[in-house]
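Participant: how does the following fold in three dimensions:
(one chain, ligands or ions: 1)
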Amino acid sequence: MNDFTRAARWWRDETIYQIYPRSFCDRSGDGVGDLAGIRAHLPYLRELGVDALWLSPIFVSPMRDFGYDIADYRAIDPLFGTMADFDRLLEEAHGCGLKLLLDLVPNHTSDQHPWFKASRSSRDDPRRDWYIWKDPVRGSDGSHHPPNNWISNFGGSAWEWDEATGQYYYHAFLASQPDLNWRNPDVRAAMFDVMRFWLDKGVDGFRVDVIWHLIKDDQFRDNPPNPAYSPDEPEIHRTLQVHSADQPEIHRVIAQMREVMHEYDERLLIGEIYLPLERLMHYYGEEGTGVHLPFNFQLIQCPWRAERVAEIVDEYEAALPPGGWPNWVLSNHDQPRIAARTGERQAAIAAMLLLTLRGTPTIYYGDELAIADVAIPPDRVQDPWARQEPGTSFNRDRARTPMQWSAEPHAGFSVVEPWLPLTDDWPDRNVAAQRGRPGSLLSLYTALLRLRRSHAVLRTGAYRRIEAGEDIFAYERGEGADRLAILLNFAAQPRTASLPDAYRGGAILLSSDPARSGAAEGPFRLGADEGVIVAPAGGNR
Ligand code: GLC
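Facilitator: Residues are numbered from 1 along each chain as shown. Model prediction:
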């Protein structure tokens, strides 16, 4: 029996909630969030109705890239607490029915990791080949140059010169984040043991950082230029990453990761992958050899128009391999927040979309309050990418600002000034103010999550597009006789939707407009920025 034929897996039914631990809640009083802060808010997460928490990295790190530069994979950074704090968080999360996913960062370590320190200590060190070292290209004057044209994702050459040993090492991100050599079986074995360490503790799975980067071209050929590049884009887009990422051998590595996961029951492997749709789909692998969920970022960068969003959903559904389970993401710690892209009123439509499409949704903390991007004063910029490429890239700090809990000082996030600023309207845009308030986005999220629980069809029912009219994205979720229609008005003006006959006179299960009442009539008048979920007449209440 392979994975595809096994009974439904929990992640098909459940909702993931991403926590950026620095920004969720600070209990130690240093302005940076921590594990105790997350633990304190488990009741909130239960009440909201999410099922699995994914924590961005919490491991020992010099924090040059805020935890995505790990110096010890098996220890908690003191900034976030201790291993005892972690164990307690895991136990209490499980105790209240929440799963816990960790961020696995296997592509690179910190330059402070003992592996790298050993590797750079001498060309003969047994760990030399754990990283990617290359001889320089020599100029006629004896000068040294990088071995190829690969560019760091954060700008500049991806090669760092090491004077002491006379070679370059490769780093896809910061120079302080050297890439591991995944062609080396010892590296694989070491990282698989890291996975086992956390799986043995009982974590429910991993989100694997930049998984498509792990294997690079074995001949280290130059990447071709990108003909569409414009200089206001981040420098990484100057070339096409044909040879530096997404190599065929990656799928064997992922299959091996899955073998590790198979040693345990029901654990989830998610891959962070930014690739065009047809490339992305390969990461499902065959017969359960790929990641369970290759993160689907199709909605993260698209224009917010009904037509386009509908097209994206249709294309994605059509491209899925047999047995591949979909997933949807609107925001994360690297991208502009959804409310910044759509505006406050459309944030409700985004929520309805995310939580009613077929596939596992991942909610980014704070999106349930429509926290938008926060302007960061130049002297408070933290993001190393923004520092390295000022002016060209999105400053990721804008999407990493603290969760806003209450009207207490510092929004109840901390007792001191937080590491990043709050939204200007935090005294009203916070959990305490929005909880239970009719018409608040938080109430809508809570209601949607409740509806997902009570209506199996929203979790596993098939998706079918309905033609409902301009500016409206409408679809049906159905399983046998169980059906629901979802109508989303992407316009800031009212629109009339044509409604399939079966739904005429049906009950409106949920609307983003708390004033909405009555049954669904056809033609159906949707308010500006309104979304509704409708049951067919006589069924599915
Ligand atoms: C991933 C992370 C990002 C980090 C990068 C390097 O893209 O999401 O935050 O900077 O990997 O680890």
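
Participant: any low-confidence regions in the chain?
Facilitator: Counting by pLDDT under 70, the ranges of the chain that qualify are 1-8, 392-393, 540-541.

Participant: surely Arg450 is in a helix?
Facilitator: Yes - under DSSP: H, G, I helix; E, B strand; the rest coil, Arg450 falls within a helix.

Participant: Ile211 against Tyr283, yeah?
Facilitator: Yes - counting by C-beta atoms under 8 Å, Ile211 touches Tyr283, with 7.4 Å between them. Any C-beta I mention is one placed from the backbone N, CA and C, and that applies to glycine too.

Participant: between these two, what contacts are shared?
Facilitator: 254, 271, 273, 291 (C-beta atoms under 8 Å, 6 or more residues apart in numbering).

Participant: among those residues, which are located in helices?
Facilitator: Here DSSP state H is the test, and those give Ile254 as lying in helices.

Participant: buried only: go through the shared contacts of Ile211 and Tyr283 for me.
Facilitator: With burial judged by 16 or more other C-beta atoms under 10 Å, the buried subset of these is 254, 271, 273, 291.

Participant: for the ligand, see how far away the third one is.
Facilitator: Here Ile273 is placed at a distance of 10 Å from the ligand (C-beta to the nearest ligand atom, to the nearest Å).

Participant: tell me the contacts of that residue?
Facilitator: Counted by C-beta under 8 Å, 6+ apart, Ile273 has contacts 211-212, 280, 283, 294-295, 297.

Participant: now with 7 Å?
Facilitator: Shown in contact with Ile273 (C-beta atoms under 7 Å, 6 or more residues apart in numbering): 211-212, 280, 283, 294-295.

Participant: out of those residues, which are inside strands?
Facilitator: Using DSSP state E, Pro294 are the members of the contacts of Ile273 that sit in strands.

Participant: related to what we said a few turns ago, the more surrounded of Ile211 and Tyr283?
Facilitator: Under the criterion of other C-beta atoms under 10 Å, the comparison of Ile211 against Tyr283 puts Ile211 first, with 28 against 22.

Participant: quick check: closest non-adjacent residue to that one.
Facilitator: Using C-beta to C-beta, 6 or more residues apart in numbering and skipping residues adjacent in sequence, the residue nearest Ile211 is Gly271, 3.9 Å away.

Participant: what of Tyr168?
Facilitator: Tyr168 sits nearest to Trp159 (C-beta to C-beta, 6+ apart), 4.0 Å away.

Participant: list the residues that contact Gly292.
Facilitator: Check again: residue 292 is His, not Gly. Counting by C-beta under 7 Å, 6+ apart, the residues that His292 touches are 11, 268-270, 325.

Participant: and with 10 Å instead?
Facilitator: For His292, the contact set (C-beta atoms under 10 Å, 6 or more residues apart in numbering) comprises 3, 9, 11-12, 205, 258, 261, 267-271, 284-285, 324-325, 327, 360.

Participant: out of the shared contacts of Ile211 and Tyr283, who's nearest the ligand?
Facilitator: Ile273 (10.0 Å; C-beta to the nearest ligand atom).

Participant: phi first, then psi, for that closest one.
Facilitator: With angles defined as degrees, to the nearest 10, Ile273 sits at phi -140, psi 120.

Participant: Arg525 contacts Ser498, doesn't it?
Facilitator: No - if you go by C-beta atoms under 10 Å, Arg525 and Ser498 don't touch, sitting 11.5 Å apart.

Participant: the closest residue to the ligand within the chain: which element?
Facilitator: At 3.3 Å from the ligand, Tyr68 is the closest residue in the chain, using C-beta to the nearest ligand atom. Assessed by DSSP states H and E, Tyr68 sits outside every helix and strand.

Participant: could you measure from it over to Asp209?
Facilitator: 6 Å (C-beta to C-beta, to the nearest Å).

Participant: and if you look at Ala245?
Facilitator: For Ala245, the distance to Asp209 equals 13 Å [C-beta to C-beta].

Participant: one more: Phe66?
Facilitator: 12 Å.

Participant: quickly list what's touching both of the two.
Facilitator: Going by C-beta under 10 Å, 6+ apart, residues that sit against Phe66 and also against Asp209 are 56-57.

Participant: between the two, who's got more neighbours?
Facilitator: A direct count of neighbours by other C-beta under 10 Å for Phe66 and Asp209 places Phe66 higher, at 23 against 20.

Participant: coming back round to it: shared neighbours of Tyr68 and Asp209, which are they?
Facilitator: 56-57, 103, 105, 107-108, 173.

Participant: identify, from the contacts of Ile273, the entry nearest to Ser152.
Facilitator: Trp212 (15.9 Å; C-beta to C-beta).

Participant: my guess is the closest one contacts Gln241. True?
Facilitator: Yes - at 9.1 Å, Trp212 counts as touching Gln241 under the criterion of C-beta under 10 Å.

Participant: between those two, which contacts overlap?
Facilitator: With C-beta under 10 Å, 6+ apart, Trp212 and Gln241 have common neighbours 274-275.

Participant: what sits against the residue nearest to the spatial centre of the chain?
Facilitator: Among the residues of the chain, Asn332 comes closest to the average C-alpha position under C-alpha atoms, centre = their mean, at 4.8 Å. By C-beta under 10 Å, 6+ apart, Asn332 lies in contact with 18, 20, 54, 56, 207, 272, 295, 297, 300, 338, 362, 364, 367, 396, 399-400.

Participant: do you know how far it is from Ala372?
Facilitator: Where Ala372 is concerned, Asn332 sits at a distance of 15 Å (C-beta to C-beta).

Participant: same question, Glu408
Facilitator: Distance from Glu408 to Ala372, by C-beta to C-beta: 21 Å.

Participant: higher neighbour count, these two?
Facilitator: Ala372 (24 against 13).

Participant: mind checking how far the closest residue to Pro147 other than its chain neighbours is from Glu160?
Facilitator: Using C-beta to C-beta, 6+ apart and skipping residues adjacent in sequence, the residue nearest Pro147 is Lys134, 4.1 Å away. Using C-beta to C-beta, one obtains 11 Å as the distance from Lys134 to Glu160.

Participant: need the helices for the stretch 401-541 of the chain, in chain order.
Facilitator: Using DSSP state H, counting those that start in this stretch, the helices of the stretch 401-541 of the chain run over 431-434, 441-454, 456-460.

Participant: can you check the stretch 251-400 of the chain too?
Facilitator: Going by DSSP H, counting those that start in this stretch, the stretch 251-400 of the chain shows helices at 277-280, 306-319, 338-342, 346-356, 384-388.

Participant: ok, the stretch 1-150 of the chain next?
Facilitator: According to DSSP H, counting those that start in this stretch, the helices that the stretch 1-150 of the chain contains are 10-13, 35-40, 42-48, 83-95, 114-121.

Participant: buried residues in the longest one, which are they?
Facilitator: Taking 16+ other C-beta under 10 Å as the basis for neighbour counts, the residues of helix 83-95 that come out buried are 85-86, 89-90, 92-93.

Participant: nearest to Tyr445 among those residues?
Facilitator: Ala93 (19.4 Å).

Participant: number of nearby residues for the spatially closest residue to that closest one that is not a sequence neighbour?
Facilitator: Residue nearest to Ala93 in three dimensions, not counting chain neighbours: Leu100, with 5.0 Å by C-beta to C-beta, 6+ apart. Look at Leu100: counted by other C-beta under 10 Å, it has 23 neighbours.
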